[in-house]
Every structure is written in structure tokens, then in C-alpha cells.
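J.: everything below, folded, please.
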Amino acid sequence: MKALTVVPGQAGSARLDDVDDPPEEHGPVVVETLAIGVCGTDAEIVSGAYGWAPPGRDRLTLGHESLGRVQSAPQGSGLAVGDLVVGIVRRPDPVPCSACAVGQWDMCRNGEYTERGIKSIDGYCSERYRIEAEYAVKVDPKLGELGVLLEPASVVAKAWDQVYSVGGRQGGWEPKTALVTGAGPIGLLAALIGVQRGLEVHVLDQVKEGAKPKLVSELGATYHTGAVKDAACRPDVVIECTGVGQLVFDVMDDVAPGGVVCLTGVSSGGRQLGVDAGSLNRTMVLENEAVVGSVNANRRHYQLGADALAAAERDWLSGLITRKVPLERWADALTRQPDDVKVVIEVGG
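T.: Model prediction:
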């Protein structure tokens with residue numbers, strides 16, 4: 001079968017390979033891959049920035065945002081032939097740590113977790129894969145191909161879950177306004193969940209026209225360009241999706257008293273910024289503000305993400321997928337174009 005593979009740490013090594021059928025140790029459920037979403041993580045792995053091959057191997061099969069159709073599943077698994085499923089990315093560490101031991105492998109404390117398509121386990125960008133039933137999440141069949149958005153939706157579902165958990169330390173906390181920085185797939189899905197929760201949502205991004213402002217407007221949120229202070233007047237919640245260092249400090253400085261800033265973007269190192277740390281610290285302490293980092297997701301968050309997608313307007317979700325590329329032209333999917341929101345590699349079906 002065909003699979004997109006790479007030698008982690010080696011730029012220019014990605015290629016479409018003929019590989020063996022998926023090994024039985026990956027799980028008893030056999031899935032035909034329909035589509036793979038592409039994100040910055042994939043581009044970084046292909047560039048040689050990071051990634052880990054399975055033990056004893058040089059090459060890693062890429063793909064962690066998936067959509068597939070069940071070809072076979074054992075009785076009692078909760079899955080049936082024809083079900084649309086998305087594979088969960090992370091697996092708990094073998095120790096396990098205290099978080100992994102209770103099913104919260106997204107909060108792994110010792111770093112010994114593995115991740116399909118990223119760290120030490122083959123991903124989903126092959127014509128078929130095997131998976132354990134507990135790591136396959138069923139998608140509402142009405143979503144069809146839009147189910148490929150579930151993995152990024154799970155990430156922001158966790159972010160919102162963290163926001164309400166932290167904000168809930170205040171009795172009767174009822175946020176009214178939210179600012180989302182970044183209008184990529186993560187930002188737009190974060191805005192979707194904010195609107196579904198009944199908040200007044202503002203989205204800040206750089207582009208002034210095209211798909212992103214249109215999608216925000218259709219969602220019933222407000223789109224902004226420019227500075228944080230001009231986008232929303234001290235929001236109760238900030239979901240930061242860019243990882244831009246200056247923007248991170250700007251939103252921390254502008255959140256409302258008792259507000260929560262959730263960081264989902266990963267910043268690159270090596271850049272120093274001038275920050276009035278004393279003033280920022282004073283404000284955050286005296287106004288009971290909180291900053292929390294959030295990454296990855298566990299099964300509960302995948303289910304929350306699936307519920308959010310099922311409740312969304314299908315036409316709006318369709319607008320997030322701006323390009324579809326066949327598997328044999330996979331390299332085109334990794335070459336970013338100006339109007340891209342979410343690019344999808346079509347594998348089968």
C-alpha cells in the first residue's frame with residue numbers, strides 16, 4: 001500500500017512509499033484512510049525540525065489529522081464496518097505517569113508519551129491503518145469529509161475546557177466576551193466553540209480580505225486587524241492561537257480582571273522582547289488573572305470536538321477546507337498558499 005513517509009530530522013526526505021500492510025500490534029480495527037489534514041506540525045517534520053521514527057526504523061509515516069472508514073472491527077468494540085472514524089493522536093507513556101494512568105495522556109508529566117505521525121508511532125497517511133478501538137472516535141456520518149476537522153477541533157475543545165476549569169475557581173464566573181488571536185483552523189474552530197457557548201467573540205488576524213474575514217462574519221463573530229487593544233475591550237477570555245511572542249504578552253496585558261488567557265500556539269525561541277514585567281505581574285496578581293497553556297487532547301476532548309462539529313452549520317465548516325490535494329501530489333499540500341485555511345490530502349474513498 002502507499003504511505004507518505006519521512007526520515008525525521010532529515011530535510012528533503014519525505015516521499016510516497018510502498019509499505020507493508022499495517023502490523024497487527026497497532027490494533028484490531030482496520031481502517032481505510034479517506035483524508036489527512038495538513039498543519040504546521042507536518043510541515044516542520046518534513047523540514048527536518050523534529051519528529052521521531054518508530055523504534056528500530058529510519059522512516060516515520062506522517063499524518064496525525066485523519067478521517068477514515070472502518071473496514072473491519074471485532075465484536076464488542078463499539079465500531080462497525082462503514083463507520084467514519086478519526087484516530088486519536090497521543091498514546092500514554094508506559095510507566096504510566098499519574099496523568100496517563102487516569103486517561104489524561106494529553107497532560108503527560110514525564111514526556112514518555114508517543115504520538116501517531118509525530119513521535120515513535122506511524123501516522124495515518126497510508127491507504128490503510130490499524131488502531132485500538134479505544135483510540136478511534138466515531139464521527140457523525142452527516143459530516144462526511146468534514147470529519148477530518150475533528151483533530152484540530154479536539155485541541156480547541158480542550159482549550160475551552162481548560163478555560164472554564166481555571167475560570168471556575170471564581171464562584172459564579174460567567175464570561176461574556178472572548179478574543180481569539182489567529183484565524184487559522186485552530187483560531188476559527190476556537191471562535192466556533194466560543195459562539196456556541198454564547199460568548200461575544202472577536203477574532204484578530206493580519207489578513208484584511210478573503211476567506212478568513214468572511215468565515216468570521218458568517219459565524220456571527222467580529223473580525224479585527226491591528227492591535228490587541230483595538231480588537232476587544234479587555235475580554236474575559238483570550239484563546240491565543242499564533243504563538244507570536246509579542247502578541248502573547250499583549251493579550252496577557254489586556255485581559256479583563258479575573259480573566260483567563262489560554263495559550264495554544266507554540267512560540268519559536270531565540271527572540272528577545274522588551275516587556276514591563278513588573279507592571280504585568282502587578283496587574284495579574286491584583287486582578288486575579290490567569291494564564292494556562294494547552295496542547296493535545298484526550299478522548300473526552302475528541303468527543304467534545306465531535307459534538308461541536310455536529311452542531312455547526314455544514315456550509316460554514318466546508319469553508320474551512322480551502323484546498324484538497326490527491327495523495328500523489330502530497331507536496332502541493334505542504335506548500336502554503338495565501339488563501340489557505342485548512343488543506344487536506346485525499347487518500348481514498
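
J.: buried residues in stretch 138-147?
T.: Buried residues in stretch 138-147, counting neighbours by 16 or more other Cβ atoms under 10 Å, are found at 138-139, 143-147. C-beta: built from backbone N, CA, C; applies to glycine.

J.: could you tell me the end-to-end distance of it?
T.: 9 Å (Cα to Cα, to the nearest Å).

J.: could you give me the average pLDDT of it?
T.: Averaging pLDDT along stretch 138-147 yields 96.

J.: distance between that stretch and the chain's centre?
T.: 17 Å (Cα atoms, centre = their mean, to the nearest Å).

J.: in contact with the nearest residue to S120 once chain neighbours are set aside: list those residues for me.
T.: Residue nearest to S120 in three dimensions, not counting chain neighbours: T114, with 4.4 Å by Cβ to Cβ, 6 or more residues apart in numbering. Listed by Cβ atoms under 8 Å, 6 or more residues apart in numbering, the contact set of T114 reads 90-91, 93, 120-121.

J.: neighbour-wise, give me the winner out of those residues.
T.: Among the contacts of T114, R90 has the most neighbours (other Cβ atoms under 10 Å), with 22 neighbours.

J.: quick check: it vs W105, distance?
T.: Separation of R90 from W105 (Cβ to Cβ, to the nearest Å): 5 Å.

J.: what is in contact with the two at once?
T.: What both R90 and W105 touch, as defined by Cβ under 8 Å, 6+ apart, is the set 113, 298.

J.: secondary structure class for the residue most central in space within the chain?
T.: Taking Cα atoms, centre = their mean, the centroid of the chain lies closest to P152, which sits 2.9 Å from it. Applying DSSP: H, G, I helix; E, B strand; the rest coil to P152 yields a three-state assignment of helix.

J.: do A157 as well
T.: Strictly by three-state DSSP, A157 counts as helix.

J.: direction included, what does the longest strand that the chain contains pair against?
T.: In the chain, assigned by DSSP state E, the strand with the most residues is strand 29-38. In the sheet, strand 29-38 lines up against strand 65-72 (antiparallel), strand 128-131 (antiparallel), strand 342-346 (antiparallel) (DSSP bridges).

J.: closest one to H224 among those strands?
T.: If you check each of the strands paired with strand 29-38 against H224 by Cβ to Cβ, strand 342-346 wins as the nearest, at 21.5 Å.

J.: hang on, the earlier thing: which one of the buried residues of stretch 138-147 is nearest to L317?
T.: Using Cβ to Cβ, those come closest to L317 at L146, 4.8 Å.

J.: sorry, back to before: in TSV, list the contacts of T114 along with distance to D250, secondary structure and pLDDT.
T.: Listed next are these as TSV, based on distance: Cβ to Cβ, whole Å; DSSP: H, G, I helix; E, B strand; the rest coil; pLDDT from 0 to 100:
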residue	distance to D250	secondary structure	pLDDT
R90	31	strand	97
R91	36	strand	96
D93	36	coil	95
S120	37	strand	97
I121	37	strand	97
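
J.: closest to N298 among these?
T.: Distances from N298 to these, taken by Cβ to Cβ, are shortest for R90, at 7.7 Å.
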